[in-house]
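Enquirer: dropping a prediction and its sequence here:
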Amino acid sequence: MSCIETVESRPPAGLIVHVAENGHSFELNCTEEDSVDAVQRCLETLCQIQFNDQLLLCGDMKLESHRPLSFYKLLGNGRDVFLYNRARLIPDCPLPSPEEINFLEPTELPSPSSLQDPHPLDDAVDPALKALSSYERQFRYHFQRGHAIYVSTQSKFEACKRLLRQQKVQERAFETARGNMDHYYRMINQTYVEFMKHFSRQHRHHSDLLLNFDKDIEKLRSIKLHPALQTGSLRCLLDFICEDNLRKLASNCAVSHRQFQVKVSHLKGMYNDLAQGVDRLFSMKAPVGIRDVELMIKEYQQYLDEQTSIMQSLSKDVNTVKKLVDDCVSSQVSASDAVSALGRMYNVHEKNHLPRMHACHRENKKLLDFCKIKKDEMNLFVHRNMQTVAHLQSCTRDIRMQLPAFKEAMTRQDGSFADLRLLRRIGPAYRVCLAEVVRRKASMKLYMGQAGQMAEKLARKREDEVRRREEFLKVQSVCIPRDILASMGLFDSPSQCDVNITPFDTNLLDIDITDIDRYAPESLVGLSVKVDKPISSTKGSFSGSYGSCNSLEVEESPSTIDGKDAHEELFDESESIEIAGTSKLEVENARLKAELASALALVCSYGTDIDYDTFDDSKLDSILKENAERTAEALRLKDEYCKHFQDMLKVKQMQCITYEKRIQELEQRLSDQYMQQQKISSGGKEVSVSALSALKTEDCKSEVCGDAEVHAPYVPPEPMDEVSSSPAALDPKEEHSTVEMSGKDQEGLDESMTDLLGIHLQPVEPVPNSLDASMLEPQRDEQHIDCGSGKEKEKRVIETVQDPLNTIPCRTNTALESGLLLKNKEDLVVVLESALSDKSNECDETQSKLEAAMEEIVSLRRELEASIKLLDESQLNCAHLENCLHEAREEAHTNLCAADRKASEYRALRASAIKIRGLFERLRTCVSAPGGVAGFTESLRSLALSLGSSSANDNEDESAAEIRACIRILADKVSILSRQRAELLERCSRFDAAQGLLSKELEGKNELVKTLYNKKKQVNKERVAFLNFEVHELAAFVLNSAGHYEAINRNRPNYYLSDESVALFIEHLPYRPTFIIGQIVHIEHKFAKPPTPELGDQSDLLSSKGEGSGLPESFFNPYGLPLGSEYYVVTVAMLPEPIQSSPP
C-alpha cells in the first residue's frame, strides 16, 4: 500500500484520510480487500501517531481494525475518513505547537557586468551597439530578479491556500466528531427519557400507595363481609391479608422507595450536566472565520495576477531586446533607434515593474502571517473541543452503562410493591364478585324467562298447525274417504313441546343489585368513575340512566355482547307473548339487571386493570378530557330524560285525577240510588224490595266473582295515551297535541262508560265501584298496537257492557220468584238484614281491593314508564337506522351515477386518446421520414392534406380536431420556413461574394494607410533641427573653409562633426561632400586650449566623453577657435537613406 498527500487540483483516486489535529490529508492507494489494520499501519509511519492511539471515524461509523475496507464501502463513494489521536484527547495533554511553514525567500542577484556575462557587441566601434549589449544584460537581470520574487510570492500564496484547506479539514473533523457525539447522545437521550417516564409514573404510583396505605387499611377494615360469608376469622375485607406483615412490607418499601429516588436524582444530575455540556458544544462556533480567510485569499489573488502580468512583460522585453540586437547586427534596424526604444523600456522596469513586484511580495507575506495566526487558533480550538467531546462521550458511556441497572432496580421495585398494589385491588375485586353474583342471578332468570317464552311460542305455532290440519280435513273429507286420508297419514297431530331446564347456580349469594353498594360501596373502586345513584332504587329506574351509562362504557367483553344480542334476538321474536309468572317486563328487568351488573364489574375492572404504566401523561390527560366530555354529554341526556319523565308524570297525574273524579261520581250516584231505595215503603212493595234485593245480591256476586271478566274492558285509556305520548318526547308540539287528544278520548270514553253503567246499576243497591288490579294493569302489548287493535278493543268494551244488560231480566225473574216464596214480613226483614251485612262485607273487601289496586297501579306506572322509555329508545334507534339506510341508499345511488359518468368519460377519453395516438404516430412517421428538410416539408404537407380530407368525413371530438388543426398550421408554417430558408441561402451566397470584394478593398486601404503612416513617421524622423540639438534629432553640417564640418545652428555656433562620423560618411564616397545630414548620437562639450609642444597635434585622437580621459582636454584646439571659447563635437549616425550631396 502506497500513500501520497492529496492535492486539491487532482481528484482523489483512493482512500482519503484527514488528520483532525492538524488538518493534513493523505490519499492511500489501497483496495477493498485491504484491512483497516493495514491502513492504520501506513498512517502510523506517515503521521507519527501510535497504532493504539488511532481512532478512525467515517460519519457515525467507527472503523474496526479487524474488518476490511469493503465492509464499510469507503472506496469510490467520496466519503471522508477522519483520524483522531487518542493521546490528544487526554485532559492534561500539552497544547499544540505553533504552525511552521517552509517557503522560498527571493534571492538577491549580483549586478550584471561585461566580465561575468560578455556579449559580442561589447567590442563594437559603434557606441549604440555597445549600448544594446548593456541593455540586453540589464533586461535579463530584471527578469531574473522578478522571477525570484514571483516564485517566492507563489510559494507563500500556495502555503496560504494549504492552510485554508487544513482549517476546512479541521472544521469538518470537528463537525464529524460532534455529529458522532450527537448520534450517541440521541440514543442515550431516548433511552433516558423512556426510563424517566416509567420512573415518574412508578414513583407517583408508589408514592400514592405509601401515602394512602393507612387509608386503604382502614377502608378495608370498614367494609364488612356479607353475613353469609362471615366466619370466625373472616369478618371484613382486611382479614383476607395479614396486616402485620403488610405493614412491615410497607416500611421496607418506603425505605427502598426513598433510596431509589436518591439514586435516580443522582442519575438525573449526571444527565443534566451531560445535556448542558452537549448544548454548549453544539452552540459553540469556531472562532476562526474560515469564510473571511477564504475571501481574503481571493482578494489577495490580484497581487499574484499582477506579478504574473509583470513577469509576462519582462519576458516580452527580454525577447524584444534580443530581437533588436539581432536586427541591428544584420543592419535591419538602426542601432540608435533601438537604443532610444530600449531606454524608455529600461526606465519602466526600474521605476514601475520591479517596485510593484516587491510590493506584491510584501502583501502576500502579510497574508501568510495572518493565515498562520488563524491556523494556530484553529489548532487550539480543535484541541480543546475534542477534549470536551471525549469527556462528554465518557459521561454518555457511564450513563448508558448505568441505565440497565436502574431498569432492573425499577423492576425489583415493582416486585416489592406488588403486595401493596394487591391491597388496593381487594376492594374492587370484592365488588366485581358481588356484581357477578347479581349478573348470574339475572342471567338465570332471563334464561328461564326466555325459555318459557320460547315454549309458549312453539305452543302457539302448534295450535296454528292443528287448526290448519283440522280445516284441511274438514274440507277434503267431503271428497276423499276418511280411511284413505288415514292411510295417507293425514290424521296425525303435532306433539307437545316440553321445555325443561335443569336448575343451576343454586349456591349463589342471596343479594340483589341494591346490595352491591351496601356491601361494597363505590369508594372501594380505585378510579373515580361514578354511576348514577338512583340506578338501583327501583326496578325501572335503571332504564332512565342506561343510555348515559352506555355513553360512558369504553368496551364490553365479547361474551357480554354475544349474550346480549342473543337475549335481545330471542326477546324480539316473542314480543307479543305474555306468560304467567314470566312476563316480558320481568324478562326485560332481568336483562337490564344483568347489563347493570356487567357495567359495574367493568367499572371496577378499570381500577384493577389500569396500571401506572398503561398511559403516559399526555394520553392520560386526553383520556380524562374525553371522559369528562362524554360524562357531560351523558348528564345532559340524563337531564333531558328526567324532563321527559316529569312531563309524562304530569300527564299521568292528570289522568289519575280524572279517574278519581269519575270514581267519586260513580260512588255518589250509587249512594243516591241506595238512599232512594231505602225510602221506598216496606209495605205494599215487598215483592219489589225482595226483587231489588235479589237483583242487588246477584249483581254484587257477579261483580265480585266475575270481576276480571266484567271490569277488564273498562281499562282506562292509559296505554293509548302512552303510545301517543311516546314520540311526544321528541317534539313538544306533538306532545301537547297528543295530550289534548288523549284527554278528549278519555272524556268520551268516561261518558260512555257512565251511561252504560247507569243502565244496569240504577236498580242496584249502591255499592262502591271496585276496580280490580287487572283493570289498571298496563298491557305491554298495547305499546305496539295500531289503529286496528284500537278498534278491536272498543268492540270488546261494547260487547262486555252489553252482557250485563242481557242478564238483567234473568236476575229480575229470580228475585220475583224468591219474593213470592217469602210469606211474611219478618222473614223478609231477616233476609234483607243478612243481605245488607253481606253487601257491607263485600263493600269492605272491595274497598281493600281498591286500595291494593291503587298501590299496584303506582308500581305498574313505574314499570310502564320504564317500558315507555325503552320503547322511545327503540323508536329512536329505528328512526336513526332508517335515516342511515336512506342515506346509504342515496349515497350508493350517487356513487353509481358517478361511476357511470366516469365510465362514459373514460370511454370517451380512451377513444379520443386512440385517435390522438394515431395522429401522433402519423406525425412521427412524417418527422422521421428521409429526405432532409425538403422531404420533411413535403411529407408534412401531404399529412395536412390527408387530415383535411379525413376530418370532413369523421365525427371526432374537440381535442382530435384541435390536433388536426395544429398539424395543418404546422405544415403551413414549415412550408413558409422552408421558402424563407431557400431565400436566406441565396442571400447568404450573395453576401459572401460582396464580403470578399469588400475584404480585398479593405486590404488595399490598409496597405495604403500603412504606407502613408510610414512616410509620415519618416518625415518626422528626418526633420532637421536648427535651434537646439538633442540626441536622436537630425543635424546638418556644412564644410567650411578650414575643411571642418560645422553644424547649422541659429542659437549656438561652434557645433562640429566628429572625425569618426566624417570617416563613416566619406568611407564609401569618392569625394568629400559639401554637407552631411545625420542623426545625433552623442554631443561632447569642450573648451579651446593651447596645445602642448610635447604632445604635438592630437586633434585626431579626440573621442567621446569618457573614452579619452587619459589626455587633458585643455591642450586641444583643432578648430582654431579663440582660447577659452567653448565648442561641441557631435557624433551622428547615418540615415537609412542618406541624403547625397554634390561634390564641391
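Expert: Done, it's in. Numbering: from 1, shown residues only.

Enquirer: can you count the residues close to D80?
Expert: By the criterion of other Cβ atoms under 10 Å, D80 has 18 neighbours. Heads up, the C-betas are built off the backbone N, CA and C, glycines and all.

Enquirer: quick check: it vs S999, distance?
Expert: Shown here: D80 relative to S999, a distance of 59 Å by Cβ to Cβ, to the nearest Å.

Enquirer: K168 too?
Expert: Taking Cβ to Cβ, one finds K168 at 55 Å from S999.

Enquirer: which of these two has more neighbours?
Expert: In this view K168 and S999 are compared by other Cβ under 10 Å, and K168 has more residues nearby, 17 against 10.

Enquirer: which strand or helix spans that one?
Expert: Following DSSP states H and E, one finds K168 within helix 127-211.

Enquirer: let me see the mean pLDDT of that helix.
Expert: The average pLDDT within helix 127-211 is 86.

Enquirer: can you name the helix or strand that E218 falls in?
Expert: Going by DSSP H and E, E218 is part of helix 213-222.

Enquirer: buried residues of that helix, list them for me.
Expert: Neighbour counts over helix 213-222 (16 or more other Cβ atoms under 10 Å) mark 213, 216-217, 219-220 as buried.

Enquirer: return the member of those nearest to R384.
Expert: F213 (54.1 Å; Cβ to Cβ).

Enquirer: check contacts around the residue nearest to the closest one when sequence neighbours are not counted.
Expert: Distances taken as Cβ to Cβ, 6 or more residues apart in numbering place A250 nearest to F213, at 5.1 Å, with adjacent residues excluded. Taking Cβ atoms under 8 Å, 6 or more residues apart in numbering, we find A250 in contact with 210, 213, 420.

Enquirer: have a look at the protein and report its longest strand.
Expert: strand 1075-1087 (DSSP state E).

Enquirer: circling back to that earlier point, could you dump the buried residues of helix 213-222 to TSV with distance to E105?
Expert: Output for the buried residues of helix 213-222, formatted as TSV (distance: Cβ to Cβ, whole Å):
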residue	distance to E105
F213	88
D216	91
I217	95
K219	96
L220	97
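
Enquirer: among these, which one lies nearest to Q307?
Expert: Of all the buried residues of helix 213-222, F213 has the smallest distance to Q307: 90.3 Å, by Cβ to Cβ.

Enquirer: contacting residues for the closest one?
Expert: 250, 420, 423.

Enquirer: same check, this time on R941
Expert: Shown in contact with R941 (Cβ under 8 Å, 6+ apart): 971, 974-975.

Enquirer: quick one: pLDDT of S859?
Expert: As predicted, S859 sits at a pLDDT of 84.

Enquirer: now for it, how many residues are close by?
Expert: Per other Cβ under 10 Å, the neighbour tally for S859 reads 12.

Enquirer: that one sits in which helix or strand?
Expert: If you go by DSSP H and E, S859 is part of helix 825-927.

Enquirer: now do the buried residues in stretch 930-949.
Expert: For stretch 930-949, by 16+ other Cβ under 10 Å, it's 936-941, 943-944, 947.

Enquirer: and L637, which of the three is it?
Expert: Under DSSP: H, G, I helix; E, B strand; the rest coil, the three-state class of L637 is helix.

Enquirer: which among the buried residues of helix 213-222 gets closest to T231?
Expert: Nearest member of those to T231, counting by Cβ to Cβ, is L220, at 16.5 Å.

Enquirer: my guess is the closest one contacts L423. True?
Expert: Yes - counting by Cβ atoms under 8 Å, L220 does reach L423; the two are 7.4 Å apart.

Enquirer: what comes up buried for stretch 73-84?
Expert: Within stretch 73-84, the residues scored as buried using 16+ other Cβ under 10 Å are 74-75, 80-84.

Enquirer: max pairwise distance over these: which two?
Expert: Farthest pair in the buried residues of stretch 73-84 (Cβ to Cβ) is L75 and Y84. Separation: 21.0 Å.

Enquirer: rewinding a little: what is the helix holding S859 packed up against?
Expert: Here helix 825-927 touches helix 542-552, helix 584-609, helix 617-678, helix 686-705, helix 718-725, helix 773-776, helix 932-951, helix 958-1021, going by 3 or more Cβ pairs under 8 Å, 6 or more residues apart in numbering; DSSP states H and E.

Enquirer: that's all I had, so thanks and see you.
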